[in-house]
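Participant: mind looking at a prediction? Sequence and model below.
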Amino acid sequence: MRAAWLLLPALAALSAYYVYLPLPGTVSDPWKLMLLDATFRAVQQTCHLIHYLRLSHHLIVLNYIICTFDKLKSVSSEDLTITDAVFDGVEVRIFEPPRKRDEQLKRSIVYIHGGGWALASARTSLYHNLCRIMAESLNAVVVSVEYRLVPEVCFPEQFHDALRATKHFLQPDVLAEYSVDPSRIAISGDSAGGNLAAAVCQQLSKDEHLTVRPKLQALIYPVLQAFDFNTPSYQQNMNMPVLPRYVMINYWIDYFNGNYDLAHSLLINNHTALDVGEALSFRGRLNWTSLLPSSFKKNYKPLIQTTGRAEIIQEIPALLDVRAVPLLADNETLQMQPKTYILTCENDVLRDDGVMYAKRLENAGVEVTLDHFDDCFHGCMIFTIWPTDFSAGVQTRNSYIKWLDENL
């Protein structure tokens, strides 16, 4: 009995040590965020153990856990018709508000979910409920794209899936089938989905055969570059819950079907050193010392290696492929982008990706709204349902939907 009394405090101390993380004082719901992060870390570590034992790929196991407990069927109601369909070989989930008797055509959003190109689904409750709320709040048709995931496929297949589904929907006869106004369509996504949405928008802007083009793009804490893993936000938030820097680097490696042995070289920017000729022409497009405001730069210094490893780019040329890293697009492409909304969070390694893209688009003459939240963290917008309900989630979601309502 005495041993049990000694063991309980020890277990409590170990649990507190595992859960606790020093967080900035501005983060909303800090203890809830610590618990969420500890749960996610524990699940990830279990999945990595399974991977190490060669029982299955860790991402397959992790996504199985997420989807097994969280997938929702396409159940319609009086307020919304929800159906699953296939657009040019790509699965989608469609949310349609009821047609009113005197109503004209509806506006629409093509939504691409996040998850590091490897996790989640249009059918999980987090994204199902987000798209449902968007459809109801905006009285809009929402098409949620169920693109294929890592490790089943790697870049560029996720991009191709998102592009094919979007182009199929933009066909005039398909828009007519869903009673959508061709002049009021937005493309949107969060995190890796924001990456795909930006890349799809850029590709569509170059397609001379399109008769319908998106009016808007709305990017939620998007991941837009793998050129520099030492921007101020990467340095400031390297150990931030949900998406620490090493996890984001591993997502990139998985997306490109690369080798984890490259992680450290990527972390210290060896792949874009001054002696890596392939990277030189892109350096001016991602100079954060000129693209970020002083309030974000703070006292952080650029990490530019003089000599690096050119073989990394030769092994993974996609690191400089604008279909994967939209922030590296040329100015001519940026000039053709639609009116843009970018949401960023202070406590997020990807903050500067979004801020730099907003500045480059603005410099190219595009109308941009940069919606920055000082107390929010990466991924927060989908966390609005108990037990992962955060005030940051409701706050960012409401701001995002408000902008869409006023501009679409």
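Facilitator: Now that the structure is in, tell me what you want to look at.

Participant: identify the residues contacting Phe383.
Facilitator: Residues in contact with Phe383 (CB atoms under 8 Å, 6 or more residues apart in numbering) are 36, 126, 389-390, 392-393. (Glycine included, C-beta is placed from N, CA and C.)

Participant: sort those residues by pLDDT and name the bottom one.
Facilitator: On pLDDT alone, Leu36 ranks lowest of the contacts of Phe383, at 81.

Participant: any idea how far the nearest residue in space to that one that is not next to it in sequence is from Arg41?
Facilitator: Residue nearest to Leu36 in three dimensions, not counting chain neighbours: Thr388, with 6.0 Å by CB to CB, 6 or more residues apart in numbering. From Thr388 over to Arg41 the distance is 15 Å, taken as CB to CB, to the nearest Å.

Participant: my read: Tyr357 touches Tyr221, true?
Facilitator: No: Tyr357 lies out of contact with Tyr221 (CB atoms under 8 Å); the separation is 11.3 Å.

Participant: can you name the next helix or strand after the helix or strand of the chain with the lowest mean pLDDT?
Facilitator: Lowest mean confidence among the helices and strands of the chain (mean pLDDT, DSSP states H and E): helix 2-19, at a mean of 58. Next helix or strand after helix 2-19 toward the C-terminus (DSSP states H and E): helix 30-52.

Participant: what about stretch 176-195, how long is it end to end?
Facilitator: By CA to CA, to the nearest Å, the extent of stretch 176-195 from end to end equals 28 Å.

Participant: do stretch 320-332 as well
Facilitator: End residues of stretch 320-332 are separated by 17 Å (CA to CA).

Participant: same question for stretch 163-178.
Facilitator: End-to-end for stretch 163-178, by CA to CA: 19 Å.

Participant: what are the buried residues along that stretch?
Facilitator: Neighbour counts over stretch 163-178 (16 or more other CB atoms under 10 Å) mark 163-171, 174-175 as buried.

Participant: same thing with stretch 384-398?
Facilitator: 384, 388, 390, 392-393, 395-397.

Participant: nearest to Arg99, of the residues you listed?
Facilitator: Of all the buried residues of stretch 384-398, Arg397 has the smallest distance to Arg99: 25.5 Å, by CB to CB.

Participant: these two touch, right, that closest one and Thr384?
Facilitator: Yes: with contact defined as CB under 8 Å, Arg397 reaches Thr384; the gap is 6.2 Å.

Participant: so, low pLDDT: which residues of this protein?
Facilitator: Applying pLDDT under 70 to the chain flags the ranges 1-20, 69, 71-76.

Participant: quick one, strands of it?
Facilitator: In the chain, the segments counted as strands under DSSP state E are 81-87, 90-96, 106-112, 141-146, 180-190, 216-220, 339-347, 368-377, 384-385, 388-389.
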